[in-house]
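Student: With the input below, show me the fold.
(2 chains)
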2 protein chains.
Amino acid sequence: MSEVLRSYIETYASTTLTDAEFELVMNAFTFKRLRRKQYLLQEGDVCKYYGFILKGAMRQYSVDLKGTEYVIHLGLEESWIGDRESFFMLTPSQYNIDAWEDTDLLLITNEDFQRLLDTIPAVVTMMRVIDQRYYISTQRRLHSSIAYTARERYEELVNTQPELIQRFPQQMIASYLGISPETLSRIRRQSIEK
Amino acid sequence: MSEVLRSYIETYASTTLTDAEFELVMNAFTFKRLRRKQYLLQEGDVCKYYGFILKGAMRQYSVDLKGTEYVIHLGLEESWIGDRESFFMLTPSQYNIDAWEDTDLLLITNEDFQRLLDTIPAVVTMMRVIDQRYYISTQRRLHSSIAYTARERYEELVNTQPELIQRFPQQMIASYLGISPETLSRIRRQSIEK
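Tutor: Just a heads-up that it's a prediction; the model follows:
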């Protein structure tokens, strides 16, 4: 399964890793299996590990005093999960991260991650490309949140990330879009009727 | 004035530039003065230049079919301005970027920027640090947009970026926060009465 990470890094960095480099990468990561509803991070803790999802589905969310959950991120296979602010700044997180499906992860600590950045140029390039994409997709999501109606936001998600709609329940999708579950139900009913 | 950019890069990269490196940096940039309301980028064009703001105030926004403006970014001194997606992907932009105050900029093309990344390690490090901060601040802004009330969003802006409220008019601040100008007026009146 570690080949998944190797091919991920090589694709994003547009280069190949030497076997020695790949050994350094694999020594830096630890395999972890989370059952559904188990936590990778709980609010108030420092995010010690960043995770690369091999298989499964995870979510990152905050909870307010009334118990309402606000989903900031939904993650599937071959993507990263963690609270980056807490992970890099070593500050307590305001987020929870848990497994929505049984999930297999490769975990890395901040220290090991910095060591990889210092020793393997492909990892630096991979990070630059990931950050670039993140920058662009987040700008789009922010723009949607201020300029689009609830219906337009839902339709954009259907077009760009349909797998999220298939894997996560409706109330999580609503929260991720920043709209109420009732509004999302109405939009979906109307889409089906059309 | 170019010393401002030098000290900016050195601060973000936590290192000093050699004079030869700084000469490469300065040769890559062109000085540009925009009067208030002049454009750096118009919707539908490719964003040819990324700008470093030396002095002034700029905004990035989209306009819908009814003419409503949606402000995605407000920029002041010693920060970058440009549509990153369009700049790096060479795609037409959906945004306008114009000067809200008379503004002095240092401009760079994509090609020159890539050359700096390839030749000056401090520029790579600077980008990594900027992206890191952007990642964190955008995650916060996204979280606010789904989890916070209009009042909480305004108060967060007052606490974290009060200079934006001083430099830009109320309707732009409202758009930036994704709330209506009427709601922002009401919140501000209530804040003053308290």
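Student: Tell me who's in contact with residue A:98.
Tutor: Residues in contact with residue A:98 (Cβ atoms under 8 Å, 6 or more residues apart in numbering or on different chains) are A:34, A:37-40, A:58-59. Quick note: C-beta positions are derived from backbone N, CA and C, even for glycine.
Student: SS state for it?
Tutor: strand (DSSP: H, G, I helix; E, B strand; the rest coil).
Student: export the contacts of residue A:98 to JSON lines and tack on secondary structure?
Tutor: Shown next, in JSON lines, are these (three-state DSSP):
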{"residue": "A:34", "secondary structure": "strand"}
{"residue": "A:37", "secondary structure": "coil"}
{"residue": "A:38", "secondary structure": "coil"}
{"residue": "A:39", "secondary structure": "strand"}
{"residue": "A:40", "secondary structure": "strand"}
{"residue": "A:58", "secondary structure": "strand"}
{"residue": "A:59", "secondary structure": "strand"}
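Student: what's around residue A:65, how many residues?
Tutor: Residues contacting residue A:65 under the criterion other Cβ atoms under 10 Å in any protein chain shown number 5.
Student: which stretch of helix or strand covers it?
Tutor: For residue A:65, there is no enclosing helix or strand under DSSP states H and E.
Student: Can you give me the distance of it to residue B:147?
Tutor: According to Cβ to Cβ, to the nearest Å, residue A:65 and residue B:147 sit 12 Å apart.
Student: now swap in residue A:32 and tell me
Tutor: 28 Å.
Student: try residue A:5
Tutor: From residue A:5 to residue B:147 the distance is 32 Å (Cβ to Cβ).
Student: Backbone torsions only: list them for residue A:53.
Tutor: phi -80, psi 120 (degrees, to the nearest 10).
Student: wait, residue A:14
Tutor: phi 50, psi 50.
Student: Just give me the neighbour total for residue A:82.
Tutor: Counted with other Cβ under 10 Å, residue A:82 comes out at 28.
Student: element containing the closest residue to it other than its chain neighbours?
Tutor: Spatial nearest neighbour of residue A:82, chain neighbours left out: residue A:50 (3.8 Å); criterion: Cβ to Cβ, 6 or more residues apart in numbering or on different chains. In the assignment (DSSP H and E), residue A:50 maps to strand A:49-55.
Student: Pretty sure residue A:150 is one of the things residue A:179 touches, is it not?
Tutor: Yes - using Cβ atoms under 8 Å, residue A:179 is in contact with residue A:150, at 4.3 Å.
Student: Compare the two and say which is more crowded by neighbours.
Tutor: More neighbours surround residue A:179 than the other of residue A:179 and residue A:150, with 20 against 16 (other Cβ under 10 Å).
Student: ok, back up a step: was I right about the residue nearest to residue A:82 contacting residue A:108?
Tutor: Yes - because the distance of 5.5 Å satisfies Cβ under 8 Å, residue A:50 is recorded as touching residue A:108.
Student: how far out from the middle of the chain is stretch A:23-33?
Tutor: Mean C-alpha position of stretch A:23-33 versus that of the full chain (Cα atoms, centre = their mean, to the nearest Å) differs by 19 Å.
Student: For the top helix by length along chain A, which helices and strands make contact with it?
Tutor: Secondary structure of chain A per DSSP state H: the longest helix is helix A:121-147. Under the contact criterion of 3 or more Cβ pairs under 8 Å, 6 or more residues apart in numbering or on different chains; DSSP states H and E, the helices and strands touching helix A:121-147 comprise helix A:2-13, helix A:110-119, helix A:150-160, strand B:69-75, helix B:84-89, helix B:121-147, helix B:170-177.
Student: repeat that for 6 Å
Tutor: helix A:2-13, helix A:110-119, strand B:69-75, helix B:121-147 (3 or more Cβ pairs under 6 Å, 6 or more residues apart in numbering or on different chains; DSSP states H and E).
Student: relative orientation of that helix and helix B:110-119 in degrees?
Tutor: Here helix A:121-147 runs at an angle of 140 degrees relative to helix B:110-119 (axes from the mean of the first three to the mean of the last three Cα atoms, to 10 degrees).
Student: Can you flag the buried ones in the contacts of residue A:98?
Tutor: A:34, A:40, A:58-59 (16 or more other Cβ atoms under 10 Å in any protein chain shown).
Student: Between those residues, which sits nearest residue B:157?
Tutor: Lowest distance from residue B:157 to those (Cβ to Cβ) belongs to residue A:59, with 27.1 Å.
Student: rewinding a little: from chain B, how far off is the residue nearest to residue A:82?
Tutor: 12 Å (Cβ to the nearest Cβ, to the nearest Å).
Student: you'd agree that residue is up against residue A:88?
Tutor: No - Residue A:50 lies out of contact with residue A:88 (Cβ atoms under 6 Å); the separation is 9.2 Å.
Student: which one of those two has more residues nearby?
Tutor: A count of neighbours by other Cβ under 10 Å puts residue A:50 above the other of residue A:50 and residue A:88, at 22 against 17.
Student: which residues does the more buried one contact?
Tutor: Residues in contact with residue A:50 (Cβ atoms under 6 Å, 6 or more residues apart in numbering or on different chains) are A:82, A:87, A:108.
Student: One more: residue A:183?
Tutor: Contacts of residue A:183 (Cβ under 6 Å, 6+ apart): residue A:150.
Student: in which helix or strand would I find it?
Tutor: Assigned by DSSP H and E, residue A:183 falls in helix A:181-193.
Student: and the angle from that helix to helix A:150-160?
Tutor: 60 degrees.
Student: Next, the buried residues of stretch A:103-113.
Tutor: For stretch A:103-113, by 16+ other Cβ under 10 Å, it's A:103-108, A:110, A:112-113.
Student: same deal with stretch A:2-9?
Tutor: So for stretch A:2-9, counting by 16+ other Cβ under 10 Å, buried means A:4-6, A:8-9.
Student: again with stretch A:42-50
Tutor: For stretch A:42-50, burial by neighbour count (16+ other Cβ under 10 Å) applies to A:47-50.
Student: and it, C-alpha only, in CSV?
Tutor: Coordinates of each C-alpha in stretch A:42-50 appear next as CSV, following Å, rounded to 0.1, in the frame of the first residue of the first chain:
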residue,chain,number,x,y,z
GLN,A,42,-10.0,16.0,19.4
GLU,A,43,-10.7,19.7,20.0
GLY,A,44,-8.2,21.3,22.5
ASP,A,45,-5.4,18.9,21.6
VAL,A,46,-2.4,19.7,19.5
CYS,A,47,-2.6,18.0,16.1
LYS,A,48,0.5,15.7,16.5
TYR,A,49,0.0,13.8,13.2
TYR,A,50,-0.8,14.7,9.7
